[in-house]
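**Student:** whatever this is, show me its structure:
(chains A, B, C and D)
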There are 4 protein chains.
Amino acid sequence: MVVILKKDANKERVDALLETLKGFGVDLNYSEGKEITVVGLVGDTSKVDIDTLKANDIIEDIKRISEPYKAANRRFHPDDTIVKVNDNVKIGEGFFNVIAGPCSVESEEQLNSIAKDVKQSGATLLRGGAFKPRTSPYSFQGLENEGLRLLLEAKRVTGLPIVTEIMSETQIKDFDDVDIIQVGARNMQNFRLLKALGETKKPILLKRGLSATIEEFLMSAEYILAGGNPNVILCERGIRTFETIIRNNLDISAIPLLKRQSHLPVIVDPSHAAGIYWMVEPLSRAAIATGADGLIIEVHNNPKEALCDGAQSLTPSAFDTLMQSVKKRVAFEGKTL
Amino acid sequence: MVVILKKDANKERVDALLETLKGFGVDLNYSEGKEITVVGLVGDTSKVDIDTLKANDIIEDIKRISEPYKAANRRFHPDDTIVKVNDNVKIGEGFFNVIAGPCSVESEEQLNSIAKDVKQSGATLLRGGAFKPRTSPYSFQGLENEGLRLLLEAKRVTGLPIVTEIMSETQIKDFDDVDIIQVGARNMQNFRLLKALGETKKPILLKRGLSATIEEFLMSAEYILAGGNPNVILCERGIRTFETIIRNNLDISAIPLLKRQSHLPVIVDPSHAAGIYWMVEPLSRAAIATGADGLIIEVHNNPKEALCDGAQSLTPSAFDTLMQSVKKRVAFEGKTL
Amino acid sequence: MVVILKKDANKERVDALLETLKGFGVDLNYSEGKEITVVGLVGDTSKVDIDTLKANDIIEDIKRISEPYKAANRRFHPDDTIVKVNDNVKIGEGFFNVIAGPCSVESEEQLNSIAKDVKQSGATLLRGGAFKPRTSPYSFQGLENEGLRLLLEAKRVTGLPIVTEIMSETQIKDFDDVDIIQVGARNMQNFRLLKALGETKKPILLKRGLSATIEEFLMSAEYILAGGNPNVILCERGIRTFETIIRNNLDISAIPLLKRQSHLPVIVDPSHAAGIYWMVEPLSRAAIATGADGLIIEVHNNPKEALCDGAQSLTPSAFDTLMQSVKKRVAFEGKTL
Amino acid sequence: MVVILKKDANKERVDALLETLKGFGVDLNYSEGKEITVVGLVGDTSKVDIDTLKANDIIEDIKRISEPYKAANRRFHPDDTIVKVNDNVKIGEGFFNVIAGPCSVESEEQLNSIAKDVKQSGATLLRGGAFKPRTSPYSFQGLENEGLRLLLEAKRVTGLPIVTEIMSETQIKDFDDVDIIQVGARNMQNFRLLKALGETKKPILLKRGLSATIEEFLMSAEYILAGGNPNVILCERGIRTFETIIRNNLDISAIPLLKRQSHLPVIVDPSHAAGIYWMVEPLSRAAIATGADGLIIEVHNNPKEALCDGAQSLTPSAFDTLMQSVKKRVAFEGKTL
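**Tutor:** Presented below is the predicted three-dimensional model:
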């Protein structure tokens, strides 16, 4: 970190600042020039709070050189993290996974039927919402614990590990048998939840917030990692922009950026991104081509009557067609599906 | 709500759709034209899920006419809501309140000193963070329950009602003596928390998410109101845009928009918006001029050593100067401070 | 400007870089530390191209300290610029102007009627579009030179100086008798046009682009100033965000920011910002309260039949009501209208 | 288009509105219901100005069904447009082109050297800036007409058709021998320029504005097409968002959207999008995978000393490596490079 001092800053105040900086446990590299005086902070600067320092009016500006995250940072963890699920599923560089299933769990029949179909087409994990974060209090909120039970039943029937979304740290015990716990975009900065998940060893699928920067996204992963849980999977799902004909814009740049700055697996949600079923395929192709480690895709056996997000779901048959393309492309990239 | 059908839509499928629509409990107004066929939905459409309907490929488009929120909607509640705090403080149209205090509660001495100062200058409520939602797990997270205790002590000393942020629905009992519970921007769509707060009668200060639309913001208020708690205060605190020299852009348009579409009080946070102390005054002036019902302002007795957000805090003396201007302007608008 | 070098950068390459930097005509302040080496650039850094430097892989990062604009910069021009129009109208700090008139000039009768009305209500300049930048090639494009002629006629009749938009540098001669030449938001970075306007002495009303940063906006002003024309008036007119219920979000922060960083007058366009007539008044109030030097407002005698942008126009009677409020508020701020 | 009337709208005013609507040359489909009255507009609605209609206070809302562009619309032109350049280069569906070259033309030696290198690696067209739109008036503005001459010389030497940016409609005659005229992102809504280009038959490479919606982008293409020039190539180059670690976010969704809504070729600029050289390859892969018809890539023989945008340029050797990957991927997609 480099702190640039204002010209003609009062000597005593500068000395006081240097003492404060030392208090963060870093070494200082002070260089006074005629016009520009800079202080380099050497060592672990993750505890230095830039916002607070900026209040000091002898400081002209502050420039972070190293990122504020450590556990999530590839600088300190050059090897790719491979998250293992139930011993037989690996998520991370070199392995490609497809998580598929309905937006909401609606009934045993619906879920088992979709689960069998997506497994048949090549999906490696089953997704389904039991607890649904809905913008409106009047929308269907999920089958809740009954939905969880149905997911576990579908797992028993198909052998597919299950992925489902948690809403609050109070539910962690109920999610004991869930294979991957999903943190939704709206909860990406629910720090209580992140801390609680950091105390488990569960694989966590962390979705990027709608307008979270790459740095904020990795800082949320850092919360889980810093708590002692190394099993974090990042999920890019589209960002909010000015465009109105699609729901969100898949941020394809995020994939190479996250892969470069972090060692964590990155998967892509092409269903929620645009919110339009026919965009799922081209966005999936983009994700595979840029190095994503997997896809999470909504499949519903009757999208027109789905209790949520029908517009973006594929039928099992459309999903099967998609998987033909996905398999060829994953093979082209030299990865294992 | 108006549903526009595709030209040449299959008759049977149209009939099935009409049945589905009737199932939402609305009356239908069907009009078939040579080129354009539209179905008007009359009645309470808040249960109709547009995303699901859009999956039906005989539908060209859907246009909501009435807003998806009811309890928060001025159409159904033309009178302004006045939220009463402790019998003697009123928040809402005609009354102007200033909530002031430190970003974080740091010590009894710090808090009591600031509390006395801001009361002296004219603040009507005291704010202070006991639980802090920080982007980094390595930043100071607040004094937690000890911070709550100090806030209650400062209330006892000064008589100012207190406002402080909650992080999770598990804390509600701990917040029993807090006068106004704040929901932070990052938790605006923490629906578990909103539902739990809806079951209390506590005044809730609901901050707008960084990239929440006006509609989403009011839908979050709707969660609390629909649960039975009418005491919601909306807080505009800046939105995320492409600009980089300030932290966020105060959305001044939100004030007249929220006032027109809703009956709830609207206050403005000029400290968090820009994140720069010298912007607090001009943004406060804008808020007063456009009809806001109050301000929430960070004041710290030593911003340079604040444990968070020093860059945006005012000293007690700068706050006192600000209040001179605020008082004159509130009087000019014909409101009571 | 501070250039931060990578650790272990090759000595020869560092020397070559220092030579390159000297070539920009700046003095260097080189400080080598164990971990962090920085080079301070002292003097006029406006010619240093950061993007090009960043290609040099021995550079870790570059931080600009001083802004890249000079002529527009308050650091070098502490006094407020007052732009004089026709000797009797002054635009800038302390003086408040209201520019009013129709979006498009449609007929002599229409224009003269509106011109008389707005003058009567207190407008100090007349606006009207002769050449209209329309998103669609099929929309009305303005009366063009006939529109210019009608504007000059309205000026003769009412004595109000006129403001109208230019589309291309080829039109400058046709705008000889126009008092203030407006550059539209879409042309904010039409650098040919800006350069040509820099060679005149005409007052220029420069509108901010829909997603232009404050720095880009001031750099466009710099083009005109650097060409030798000091008469630039900045106009904030709303920025593009994710919100959809209004057209654009008036960036109220821009007013204090532009006033602090630049010495140029700043006016606000509340009509185009939200694009809704009833938002004109609250946004005007915000503009006055934050220190704007004026307003530019659309007035049409029959908004429902206006050939463009009817939704945001006021009737002459609504404008008259608005002006009652504006006059009181301008007086409250101690300015002259 | 569907116009939704307000409940209880005055009968005479409704009749007047219907007359106005008929005046646009459309047929009306009027349906009065108890609560909702809608008017369907049948026929060519491209001349109907929604903004103006919205000023009519008996209108609740207006919903466009068909897009406002016609000549650019695939509904009316189902076959893909193939733009022919110099008889031997075809741009459009099925053909893949790579346009490569320096940001700025700097010297004959530089340009010819790069031109030979990129041709050798497989580029099919040569790009190079003679006139540069620079944010700062103090940055290098291009060699101007001398740059054009050098481009034509490089074309003579290598046989590669040339692509270069125009700044103003006054230059069209100087661009007579240029093969493809580029309109930069900042000029996407320079309507004078678009109209003038519509009167030529030159292939036009139209870059999307930094915050232009898909609809606005196609409306700008419409200006050129409506003028009689069918040779428009669309170019996605990244959009402005809240993210700060890259310059812009490549909008990958734009490729399938533009391909579906329009028949025009779509190429992608991965160099300007992120503004970082190592992002060029992953973004190129995404572009190929989602159906783009080509790439435009910056190559410089000495990026560290480039006079502009060095940070995003590839060396000829890095470009050669990229082209190995591009060729394999284009073949995988079944296209011809």
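**Student:** any idea which helix or strand comes after the worst-scoring helix or strand of chain A on mean pLDDT?
**Tutor:** In chain A, the helix or strand scored least confidently by mean pLDDT, DSSP states H and E is helix A:50-53, which has a mean of 80. Reading on from helix A:50-53 to the C-terminus, the next helix or strand found by DSSP states H and E is strand A:59-63.
**Student:** can you give the strand pairings for the helix or strand following that next one, parallel or anti for each?
**Tutor:** Going down the chain from strand A:59-63, the next helix or strand is strand A:83-85, by DSSP H and E. Strand partners for strand A:83-85, identified by DSSP bridges, are recorded as strand A:89-91 (antiparallel).
**Student:** quick one: contacts of the partner strand?
**Tutor:** A:82-85, A:97, A:124-125, A:161, A:203, A:233, A:265, A:267, A:293-294 (C-beta atoms under 8 Å, 6 or more residues apart in numbering or on different chains). Heads up, the C-betas are built off the backbone N, CA and C, glycines and all.
**Student:** the least confident helix or strand of chain A close to chain D?
**Tutor:** No - remark: helix A:50-53 sits outside contact range of chain D, by C-beta under 8 Å from any C-beta of the partner chain, the gap being at least 13.9 Å.
**Student:** packing partners for that helix?
**Tutor:** Applying 3 or more C-beta pairs under 8 Å, 6 or more residues apart in numbering or on different chains; DSSP states H and E, one finds that helix A:50-53 contacts strand A:59-63.
**Student:** just the CA trace of the strand it packs on, in CSV.
**Tutor:** Provided in CSV are the C-alpha atoms of strand A:59-63 (Å, rounded to 0.1, in the frame of the first residue of the first chain):
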residue,chain,number,x,y,z
ILE,A,59,-3.2,12.4,3.2
GLU,A,60,-3.6,13.2,-0.5
ASP,A,61,-4.4,9.7,-1.6
ILE,A,62,-3.9,6.0,-0.8
LYS,A,63,-3.3,3.3,-3.3
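**Student:** what comes up buried for it?
**Tutor:** A:Ile59, A:Glu60, A:Asp61, A:Ile62, A:Lys63 (16 or more other C-beta atoms under 10 Å in any protein chain shown).
**Student:** equivalent analysis for stretch A:304-314, please.
**Tutor:** Buried residues in stretch A:304-314, counted by 16+ other C-beta under 10 Å: A:Lys304, A:Ala306, A:Leu307, A:Cys308, A:Asp309, A:Gly310, A:Ala311, A:Gln312, A:Ser313, A:Leu314.
**Student:** need the contact list for the second one.
**Tutor:** By that I understand A:Ala306. A:Pro102, A:Cys103, A:Ser104, A:Glu106, A:His300, A:Ser313, B:Thr52, B:Ala55.
**Student:** quick one: contacts for A:Ser107?
**Tutor:** Contacts of A:Ser107 by C-beta under 8 Å, 6+ apart are A:Leu150.
**Student:** residues from the stretch 101-250 of chain A in reach of chain C?
**Tutor:** Residues of the stretch 101-250 of chain A lying near chain C (C-beta under 8 Å from any C-beta): A:Ser211, A:Arg240, A:Thr241, A:Phe242, A:Thr244.
**Student:** list just the nearest of these to A:Lys70.
**Tutor:** Distance to A:Lys70, by C-beta to C-beta, is smallest for A:Ser211 among these, at 24.4 Å.
**Student:** state the pLDDT value of the closest residue to the closest one other than its chain neighbours.
**Tutor:** Counting by C-beta to C-beta, 6 or more residues apart in numbering or on different chains, A:Ser211 lies nearest to B:Ser211, which is 3.7 Å off, once chain neighbours are set aside. Here, the pLDDT recorded for B:Ser211 equals 97.
**Student:** surely B:Ser211 and B:Gly238 touch.
**Tutor:** No - shown here, B:Ser211 and B:Gly238 do not form a contact pair, counting by C-beta atoms under 8 Å, at 10.6 Å.
**Student:** looking at the two, which one has more neighbours?
**Tutor:** Set side by side, B:Ser211 and B:Gly238 show more neighbours around B:Gly238, with 26 against 22, by other C-beta atoms under 10 Å in any protein chain shown.
**Student:** isn't that one up against B:Asp269?
**Tutor:** Yes - checked against C-beta under 8 Å, the pair B:Gly238 and B:Asp269 is within contact range at 7.4 Å.
**Student:** format the contacts of strand A:89-91 as TSV; extra columns: pLDDT and secondary structure.
**Tutor:** Formatted as TSV, the contacts of strand A:89-91 follow (pLDDT from 0 to 100; DSSP: H, G, I helix; E, B strand; the rest coil):
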residue	pLDDT	secondary structure
A:Ile82	98	coil
A:Val83	98	strand
A:Lys84	97	strand
A:Val85	97	strand
A:Asn97	98	strand
A:Thr124	98	coil
A:Leu125	98	strand
A:Pro161	98	coil
A:Pro203	98	coil
A:Ile233	98	strand
A:Pro265	98	coil
A:Ile267	98	strand
A:Asp293	98	coil
A:Gly294	98	strand
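**Student:** mark which of the residues you listed are buried, thanks.
**Tutor:** A:Val83, A:Val85, A:Asn97, A:Thr124, A:Leu125, A:Pro161, A:Pro203, A:Ile233, A:Pro265, A:Ile267, A:Asp293, A:Gly294.
**Student:** from what I see, the last one and A:Gly94 are in contact.
**Tutor:** No - distance between A:Gly294 and A:Gly94: 11.5 Å, which falls outside the contact criterion (C-beta under 8 Å).
**Student:** ok so, going back, residues contacting the residue nearest to A:Ser211?
**Tutor:** Per C-beta under 8 Å, 6+ apart, neighbours of B:Ser211: A:Leu210, A:Ser211, A:Arg240, B:Ile239, B:Arg240, C:Phe242, D:Phe242.
**Student:** again, 10 Å this time
**Tutor:** A:209-212, A:239-241, B:185, B:239-241, B:248, C:241-243, D:242 (C-beta atoms under 10 Å, 6 or more residues apart in numbering or on different chains).
**Student:** and what of A:Cys103?
**Tutor:** Per C-beta under 10 Å, 6+ apart, neighbours of A:Cys103: A:127-129, A:132, A:140, A:142, A:271-272, A:298-300, A:303, A:306-310, A:312-313, B:51-52.
**Student:** list the buried ones in stretch A:15-33?
**Tutor:** Going by 16+ other C-beta under 10 Å, stretch A:15-33 has these buried residues: A:Leu17, A:Leu21, A:Phe24, A:Val26, A:Leu28, A:Asn29, A:Ser31, A:Gly33.
**Student:** from these, pick the one nearest chain B.
**Tutor:** Of all the buried residues of stretch A:15-33, chain B sits closest to A:Leu17, with 8.6 Å by C-beta to the nearest C-beta.
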